[in-house]
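Visitor: Generate coordinates for the sequence data below:
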Amino acid sequence: MATSLEYFYLGNAAVTDMTLTFFLMAALLSFLHRKYYLLYGFAAFAVVTKGPVAIFFCAVIIGLYLIVTGSLKTMKSMKLVSGAALFAAIALPWYVTMYFIHGMAFIDTFLGFHNVTRFLQPEHASGKLWYYYIPVLILGFFPWTAFLGQALIAGVKEKGEHRSTCIFLCIWAAVVFGFFSLSQTKLISYILPMYPPLAMLVGYYLDKAWTEERYRALKGSAIIFGVVVSFLIAGLFYSGTAVTA
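Guide: Predicted structure coming up:
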């Protein structure tokens, strides 16, 4: 994840998407490890960072996972009431304070414009492109894009002890990608929260392929990786030559 192009670039930029990604990742991994109070705590910080979209992602991703795996009974042990109280204790004070300071301007701008209007109405021409995030992901997840297709297929087909984890990671990535593809306002940084699950899937796939000595499965990806790197180096060389000229 740290070596993927977009994550590395945005990690050095002043954008709240990086902070949101961290807290959302921490919340969802806390759920995966059944640390439910940590789930609610990190989710609250994610909501403070960038609004109700964090609640949507946590609820939808976890809900779909429980439905797909037939584990809805897990909700009985998720400490919903006390967890909601913890969530409110962390998130509400900031929202209440901002409302008292700014009044309806805070509601209209932070919640209304940045969360609702941006989703329903495009700010840029890119909002009309349903495939906008496909090239963004291909370039942004470079150089690990070469292994991404195989890792996703392997994750979906996983039958071993890590099956449920792979399903969770696939749902996590798919929900983030689908939500922002439907959003009418599209920015490169929006899909950053899907990089953690993709990185874990690719890491698991590479580890498993290496452990089981399935080197042939990696050969095609390695060739693609080499071709892409060659084109990138050639492009950088051409750009440098053009600038010098």
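Visitor: And the next helix or strand past the helix or strand of the chain with the lowest mean pLDDT?
Guide: In the chain, the helix or strand scored least confidently by mean pLDDT, DSSP states H and E is helix 118-120, which has a mean of 57. Next in sequence after helix 118-120, counting helices and strands by DSSP states H and E, comes helix 133-140.
Visitor: Pull the distance from that next one to the chain's centre.
Guide: Using Cα atoms, centre = their mean, to the nearest Å, the mean C-alpha position of helix 133-140 is found 13 Å from that of the whole chain.
Visitor: Now it: buried residues?
Guide: Applying a neighbour-count criterion of 16 or more other Cβ atoms under 10 Å, one finds 133, 136, 137, 140 buried in helix 133-140. In short, each C-beta sits where N, CA and C put it, glycine included.
Visitor: could the residues you listed be laid out in JSON lines, adding distance to residue 69 and pLDDT?
Guide: Rendered in JSON lines, the data for the buried residues of helix 133-140 read as follows (distance: Cβ to Cβ, whole Å; pLDDT from 0 to 100):
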{"residue": "133", "distance to residue 69": "27", "pLDDT": "87"}
{"residue": "136", "distance to residue 69": "30", "pLDDT": "89"}
{"residue": "137", "distance to residue 69": "26", "pLDDT": "91"}
{"residue": "140", "distance to residue 69": "29", "pLDDT": "90"}
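Visitor: which one of the residues you listed is nearest residue 55?
Guide: The shortest separation between residue 55 and any of the buried residues of helix 133-140 is 21.9 Å, and it belongs to residue 133 (by Cβ to Cβ).
Visitor: Make sure that closest one is actually in contact with residue 181.
Guide: Yes - counting by Cβ atoms under 8 Å, residue 133 does reach residue 181; the two are 5.7 Å apart.
Visitor: So for whichever strand or helix holds residue 153, mean pLDDT?
Guide: Residue 153 is part of helix 145-157 when elements are defined by DSSP H and E. The average pLDDT within helix 145-157 is 86.
Visitor: do the same with stretch 198-208
Guide: For stretch 198-208, the mean pLDDT works out to 91.
Visitor: Could you give the number of residues near residue 91?
Guide: The burial metric for residue 91, expressed as a neighbour count using other Cβ atoms under 10 Å, is 22.
Visitor: gap between stretch 178-191 and the chain center?
Guide: For stretch 178-191, the distance from its own C-alpha centre to the chain's C-alpha centre is 11 Å (Cα atoms, centre = their mean).
Visitor: list the buried ones in it?
Guide: Residues of stretch 178-191 classed as buried: 179, 180, 181, 183, 185, 186, 187, 188, 189, 190, 191 (neighbour count, 16+ other Cβ under 10 Å).
Visitor: Straight-line length of that stretch, end to end?
Guide: 10 Å (Cα to Cα, to the nearest Å).
Visitor: and residue 66, what is it in contact with?
Guide: Counting by Cβ atoms under 8 Å, 6 or more residues apart in numbering, residue 66 makes contact with 72, 74, 75.
Visitor: wait, which of these is closest to residue 148?
Guide: Within the set of the contacts of residue 66, residue 74 lies nearest residue 148; the separation is 29.3 Å, counting by Cβ to Cβ.
Visitor: burial count for that closest one?
Guide: Taking other Cβ under 10 Å as the criterion, the count of residues near residue 74 is 15.
Visitor: Let me see the backbone angles for it.
Guide: Note on residue 74: its backbone torsions stand at phi -60, psi -30 [degrees, to the nearest 10].
Visitor: ok, back up a step: now, among the contacts of residue 66, which is nearest to residue 8?
Guide: Sorting the contacts of residue 66 by how near they are to residue 8, with Cβ to Cβ, puts residue 74 at the top with 35.5 Å.
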